[in-house]
Structures are given as C-alpha cells and as structure tokens.
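# pasted the sequence and its predicted model underneath.
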Amino acid sequence: MKHTKSISRRNFLAVTAAGAGGLLAGRFMPVRGDEIGAGKKQVNPGIDNLRVVCCIDPAMIREDPRNWDFASQNAPVNAEKVRADMDAMACGLAQKNTPAEAWAIIFQKPVAKQWSDVKVAIKVNAFAKNNPRVAVVDAVCRALAGLGVQPSNILVYDGSCNAKGMYGPFIANGLPAGITASVKNDLLGGVVKTNVPAPYAGTFKCSGTIAKGEIDILVNIATNKGSAFAGMTMTMKNHAGTFEPMPIHFGGGLKYIIAFNKSEAILGGTPVRQQLCIVDSLWAMTKGPFGVPNKRPCALAMGTFSPAVDFVVARRIRETVMGCKHPESLNSIMSAFGYSDFEHLDYVKVNPV
Amino acid sequence: MFLGLLVWSLCSAAHAAEKSDSVMLSTVRGSASRVQGWTEQVDKYRFFNVRQLFDIIDGGAVEYEKSGLVDGIVVSLAGATGKAAEIYIENFKSSVRAAAMIGIKRKNASSPKQVPGIKGANAFCDEVIGGCVAYYVKGGLYFEITLTGYDVAASAATDAMLFVDAFAKDLRK
C-alpha cells in the first residue's frame, strides 16, 4: 500500500491535523535510542526517523544545462524557488506552520552552546559532474543563519575532493558571505583514525574535526546517482568523503558504507551530529557514479535519517520516476539499522509553493 | 646462458608489447585531435592504470577492473560554441574483453541507439542531458566518448560518429 500524504504551506494545518497523527501513530512510531549499531538510534526527538519529505517542482529549473561544469549546472536553477520549496519541505518534515519554527525543530544545538557558537559542517559531493546545486546549499545556510549560526562557523567540505574550488567562487555570490569551503580535509584538521562498528568493524581515516566530535551539526547533501553498491549512491555513500573511500572498493563494499554511517562520527553526539540529509534530484543519473545526468526529476527530498532518505528516494524517485532498478541489497540499508516492514515506506509529498 | 637469453627475450617481448600498447594509445589520441572542429585541451590529458582509474572515476572503476582493464588515457577536447568532448580510451589487451565491456554498457544503457553510420555491435550511443555518450570497440581498445554542449542530442550522436570514424581509420593502418 503506497503511503503518501500531500502537504502545501497553505493547507498544512488541515492536512497535518487529519493525516500526520495517523502516519506517526500507525507506521512510524519513533523508537528511543539504543546504542549505535545495536538498535535504532533516534536522530531528532521531534521527527520520526522514517519521515521523508519530497517536493517535485519543475519550476526549480529554468532550462537544462548544455554542459555539466559546476557553473553551467547552477546557472539555470531558480534559487528563489528552491529556497521557498525547501522552507515548505522543512514545514512538512517538522510539522510546523512556519519555516522559522520548522528549522528550529530540525536543527538542534548542544544545550551548553549559544547558536552563535555552533559549528556546522555541510558534506557535499564535489566529485565528477553532478553536484549538489548551490541553491540547495544556500537554503540550508540561510536556515542556519536564521537560527543564529555565524557564517564563519559553516564549512562546506568533501574530504575526497576540492569543495573550495567548486563552491568557493559562489561564496557571496549565491552562497552567504563568510562561510568557508575546504580543500579536502584541510579545514577539518586533516584526518584521524576512528572506530567504525559492524558490519565492517575497524579503524579508518575520517575527517578530523568530525571524528573528534568538534562539529555540532552535520548536514549531508547528496545527489542522485547509480552505483555498484545497492544500485545507488546518495546520502549514505556521500560519507565516503568523510571516511576514507578506498576500503569500499577493496573488500568493504556496502558493509563498509553501512558501518561508517553507524559510526560515532556520524550518529554520535548530543544532540545527534548528522541532523539533516538531503538528496538533490533536480537532475539525476540512472547510472554512475561517474558521468553526467540523463534524467530531470526536478525533485528535492530530505529527512533526518540517512538510510530512510536513501531508501525512499531509491524506490519512489529512482524507480518510479526514473525507471531504475535496484538489487535486493538495497533493503539491507534499512534492515542493518534494525528496521523491518519498510517496503512500503513513502515520502510525504510537499506541494510547490 | 640459455636462461639469460630466455629471460632477455621474454623481457623484450613484454617491452615490445608495452611499447605497442603505448603506440596504439598515442595513435588514437592523435586521431581525436585531428577531427575537424575540435581542439585537444592538452593540460587535461591523463594516462591511467587500473588503480589510478579509481582516483578518476571512484566506484565506477570497479566494473572496468573486473572486466580486465590494463591501462588507458583520457583526452579532452573543446569544440565550437561551448561543445565539449571527454574521451576515455581503454586498453583491455583482448578483443574478447573489450567486447565484453561494451556488452555490459549496452545492457545497462537507458536507451541505446545506433551511432549514425556505424552498424553492428561494436558501437552504440546513449543520450544524456546536453549530448550523448558513445561507446565503441576496436580490437582490444574500448572507447567512451562523452559529448556535451548540444541543444539536440542527435547532433551529438552525429559528432560521435566523426570520432569513431577517425579511430577506426587510424587503427586500420
């Protein structure tokens, strides 16, 4: 049974009152945290791990790029539309009436800190030629700034690639002035070895400040591509750029990807460090991870729990909209985190503003 | 002395084979550069072995490694009005392995089409937004030609034919 609810900002109250209670009580009852790796870890006390919102809006794109260098990918994006739709998605995810209230639920700070002292790292995918669009990163930065996070405390990174080279030219030109972007891990204290639990337990290199817990909020912004591992690469595999990626290709495979997503670096912290996961499917690739987009879903999806975001986007966007197929191993990204009965998981539809 | 001669001849044969591979890759690099309307961006040229391909295309390298890739080159070219070509030329050292590679690509393609003017199983193309990716094999060499900057994907397929034609002619010599 497909389980989809539709929400627009204007009729949000009515739909929420009628439908969201049913969603939460029946199928998506939050489970309070067990230890990471052994049970289910609740990311946000106010948002179900399995709640994923999605907005499909062709008006976010003015036209297709002719080339896929980063400037060409971003030129045709309607940034104002992206921002408005993401604010509506935030309302849908947090079940609040206004974006300000919603983002204040989604993002949580350590109790002892003021928002002005909170440190945020945004993991992008700066590899190849299909990258999170500047407008999506900007919408997140603006939401954080609205809470009081200082731009100088927002860092855009990809430990395997040059995020500064890619996003740097857009700072103060599509991205807020004062944010920073890193060349690999140079602004994250290099790499340190940190523990990764089962199913691929071991000690692996990880972006330094993230491994040490010095980042308060981690935002994960991925694109929608195919890969040899569960047939897709989105927010879970995005951290092969926080953690050293090569073990994936030399024995670790999907087990390593699952394992580093269970790590203290990603799911540790009080509050939980990784608080928002976004898949930019404005353009997407049925295959990958290398190459250029061949599909135009015009979609953005987000949630608090990476495996749920990836699973829902795989089934409901990649398969339903893009015509992809995924292997059975896709299910393991949910079962490995203790979930069963997830086959009918669907997104909460957010209507374009 | 016989053992020494044997070792020397084996090394010579291996060196000759490597030299032959290098000559082949150089030849096709030159073929691409001679297609009218296209200029190689020399600073983007790269030679790679299998391990280095992981650095270039990340997890995408797995299927090439499994298929027996030995080494290859990347040639980037600029065309008129913002068109761009990125050509991977990969040495599988065996026509059987190269043919298997294009078979994998054809099986996984979204909507494989014939490259205009090129018949048979050794070439096809697949549309992407802004162009196409064309695939071609000749002997132990496997080619992936990504063309972007086009308003109409069919025009990209036509240009792909020019590259494939150039490779085919020079490899026949």
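Received, thanks.

# quick one: the strands in chain A?
Secondary structure of chain A (DSSP state E): strands at A:5-7, A:52-56, A:120-123, A:154-157, A:180-181, A:191-196, A:202-207, A:217-223, A:274-281, A:299-303, A:348-350.

# look up how far chain A lies from the residue of chain B most remote from its centre.
Among the residues of chain B, the one whose C-alpha is farthest from the average of all C-alpha positions is B:M1, by CA atoms, centre = their mean at 42.5 Å. Relative to chain A, B:M1 is positioned 43 Å away (CB to the nearest CB, to the nearest Å). Just so you know, the C-beta spots here come from the backbone N, C-alpha and C atoms, and that holds for glycine as well.

# quick check: phi and psi on residue 128?
All of this refers to chain A. In terms of degrees, to the nearest 10, the main-chain angles of A:A128 are phi 60, psi -140.

# sorry, should have said chain B
Main-chain dihedrals, B:V128, degrees, to the nearest 10: phi -130, psi 170.

# and if you look at A:T286?
phi -70, psi -40.

# give me the number of residues near it?
Using other CB atoms under 10 Å in any protein chain shown as the criterion, A:T286 is surrounded by 23 other residues.

# give the contact list for it.
If you count contacts by CB atoms under 8 Å, 6 or more residues apart in numbering or on different chains, A:T286 has them with A:G226, A:N294, A:K295, A:R318, A:M322, A:G323, A:C324, B:S110.

# if we use 10 Å, what do you get?
Neighbouring residues of A:T286 by CB atoms under 10 Å, 6 or more residues apart in numbering or on different chains: A:224-226, A:231-232, A:293-295, A:318, A:322-325, B:108-111, B:126.

# narrow those to just the buried residues.
In these, burial by neighbour count holds for A:224-226, A:231-232, A:293-295, A:318, A:322, A:324, B:109, B:126, counting by 16 or more other CB atoms under 10 Å in any protein chain shown.

# how near is B:G120 to B:A99?
For B:G120, the distance to B:A99 (CB to CB, to the nearest Å) stands at 11 Å.

# same question for B:G37.
As it turns out, when the distance is counted by CB to CB, B:G37 lies 30 Å from B:A99.

# give me the more crowded residue out of these two.
For B:G37 against B:A99, the residue with the higher neighbour count under other CB under 10 Å is B:A99, and the figures read 16 against 11.

# so which strand or helix has that one?
Following DSSP states H and E, the helix or strand that holds B:A99 is helix B:95-108.

# what residues does that helix touch?
Helix B:95-108 is contacted from outside by A:226, A:286-287, B:63-64, B:66-70, B:90-92, B:94, B:112, B:121-124, B:126, B:133, B:135-144, using CB under 10 Å, 6+ apart.

# can I have the buried ones of those as a ChimeraX selection?
Of those, the buried ones go into a single ChimeraX selection, burial set by 16+ other CB under 10 Å:
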select /A:226,286,287 /B:64,67,68,69,70,90,91,92,122,123,124,126,133,135,136,137,138,140,141,142,143,144
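
# list the ones among the contacts of helix B:95-108 that fall in helices.
B:E63, B:Y64, B:K66 (DSSP state H).

# flag every residue of the stretch 1-150 of chain A that's near chain B.
By the rule CB under 10 Å from any CB of the partner chain, the part of the stretch 1-150 of chain A lying against chain B is A:D64, A:P65, A:R66, A:N67, A:W68, A:D69, A:S72, A:F127, A:A128, A:K129, A:N130.

# neighbours around B:T81, how many?
8.

# count of residues packed around the closest residue to it other than its chain neighbours?
Once its chain neighbours are removed from consideration, B:T81 has its nearest residue in B:G149; the separation is 7.0 Å (CB to CB, 6 or more residues apart in numbering or on different chains). Neighbours of B:G149 under the rule other CB under 10 Å: 22.

# kindly report the same for B:S33.
Taking other CB under 10 Å as the criterion, the count of residues near B:S33 is 14.

# which residue, other than its chain neighbours, is closest to it?
When the adjacent residues along the chain are set aside, B:S33 lies closest to B:E40, with 4.5 Å between them (CB to CB, 6+ apart).

# am I right that the one you found is in contact with B:L77?
Yes. B:E40 sits in contact with B:L77 when judged by CB atoms under 10 Å, with a separation of 5.2 Å.

# quick one: common contacting residues for those two?
In the contact map built from CB under 10 Å, 6+ apart, the residues linked to both B:E40 and B:L77 are B:A32, B:S33, B:A85, B:I87.

# what's the closest of the ones in helices among the contacts of helix B:95-108 to B:S26?
Proximity of the ones in helices among the contacts of helix B:95-108 to B:S26, judged by CB to CB, is greatest for B:Y64, which lies at 20.6 Å.

# residues contacting that closest one?
B:50, B:53-54, B:57, B:70, B:72, B:88, B:90, B:92, B:101, B:104, B:142, B:144.
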